[in-house]
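Asks: starting from these lines, generate the structure:
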Amino acid sequence: MQLKYSVFPISAILIWSGNTIVSKMAAGVIEPAAMSFYRWLMAGILLTPFCLRGVWRQRRQIRPHLPKVVLLALFGMVLYQSLAYFAAATSSATSMGMIASLMPLLTLLLSSILLREPPTWGTLIGGILSLFGLMILIGKGHPAQLFTNGVVFGDLLMLVATVAYAFYSVLLKRWALPIAAWHLLYMQIWVAVILLFPLCLAAPYSPVTAANLPLLLYAGIAASIISQILWMNGVAHLGATHSTMFMNLSPIFTVIIAMAVLGEELHSYHAVGGGITLIGVVLAQVIRRRIVRPAV
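Replies: Okay, here's the model as predicted:
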């Protein structure tokens, strides 16, 4: 029965992996700030007939939580996706996907700090392994070059974007806002639209064209709405823990799509660095033994 419901999180992750490819394809055909703004504007307009009435009906209960909604939108939608679009200008889709695979591990690390959850041996060992794998990946097989030649700016931006989304995940869990999931998503989308509007105006003019419209439709509909429906169904049937484990498939999906659609080559440092990083992430999720035992 669980195998049947696994199609929900796997499909959602497949769409999100495809969105990494869309981010790379958008570089050069639309400004990153415009891409972010148009994407969330489209998603907000499409969700309005289904969510506006419910949000308006609960406006008094929602009002005290608005500052937290703004912060969630800032970390999860403005910073994460905008930085990913800027990263795509200099980073490959393969590297972006592998760096993004650190998200579950970073979420566990931040949970230990912000939620005061006891650290585990899996988090410690997985963190060290993933850091080493990341150095191989970003250093293109030669970690020592990071200290001499520096890093690709796009890779660094993608790492910052991944940290931002990990913050989003931890804050979402810590606050546990008493707002329906769809209503919370809807409000975050419109907050993101408001925050991104000045950036879109300040950026070079970038209209919707025949070249970038398919990318906007994918990002605004598939990656912003359909994937959320699939993910929520997966969590409802399998639980958050089991669904999150499927996130480890994301770099694999991203690499396959990047090779098929963009013609990117899988180099040895991608396989070695990405593989070590992924093993670290899996160990952090699987090994749950605490480093410090709770007092009796």
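Asks: quick one: the closest residue to A222 other than its chain neighbours and F253, what's the gap?
Replies: The shortest distance from A222 to any non-neighbouring residue, by Cβ to Cβ, 6 or more residues apart in numbering, is to I15 (5.2 Å). Any C-beta I mention is one placed from the backbone N, CA and C, and that applies to glycine too. Using Cβ to Cβ, to the nearest Å, I15 is found at 9 Å from F253.
Asks: again with S23
Replies: S23 is 14 Å from F253, by Cβ to Cβ.
Asks: which helices and strands does the host helix or strand of the residue nearest to A222 pack with?
Replies: Element membership of I15 [criterion: DSSP states H and E] is helix 7-26. For helix 7-26, the elements it packs on are helix 80-87, helix 93-100, helix 213-217, helix 227-238, helix 250-257, judged by 3 or more Cβ pairs under 8 Å, 6 or more residues apart in numbering; DSSP states H and E.
Asks: now the angle from the first one to helix 7-26?
Replies: With axes from the mean of the first three to the mean of the last three Cα atoms, to 10 degrees as the criterion, the two stretches helix 80-87 and helix 7-26 enclose an angle of 40 degrees.
Asks: now helix 80-87: average pLDDT?
Replies: In this model, helix 80-87 carries a mean pLDDT of 89.
Asks: likewise the longest one?
Replies: pLDDT averaged over helix 227-238 equals 84, rounded to a whole number.
Asks: how about that helix: buried residues?
Replies: When burial is assessed from 16 or more other Cβ atoms under 10 Å, helix 227-238 yields the following buried residues: S227, Q228, L230, W231, M232, N233, G234, V235, H237, L238.
Asks: what angle separates that helix from helix 7-26?
Replies: 150 degrees.
Asks: returning to that earlier point: tell me the one of the buried residues of helix 227-238 nearest S112?
Replies: V235 (22.5 Å; Cβ to Cβ).
Asks: mind listing what the closest one touches?
Replies: P9, S243 (Cβ atoms under 8 Å, 6 or more residues apart in numbering).
Asks: quick one on the thing from earlier: distance from whichever helix or strand comes after the helix holding I15 to the middle of the chain?
Replies: Next helix or strand after helix 7-26 toward the C-terminus (DSSP H and E): helix 32-57. Helix 32-57 sits 19 Å away from the centroid of its parent chain (Cα atoms, centre = their mean, to the nearest Å).
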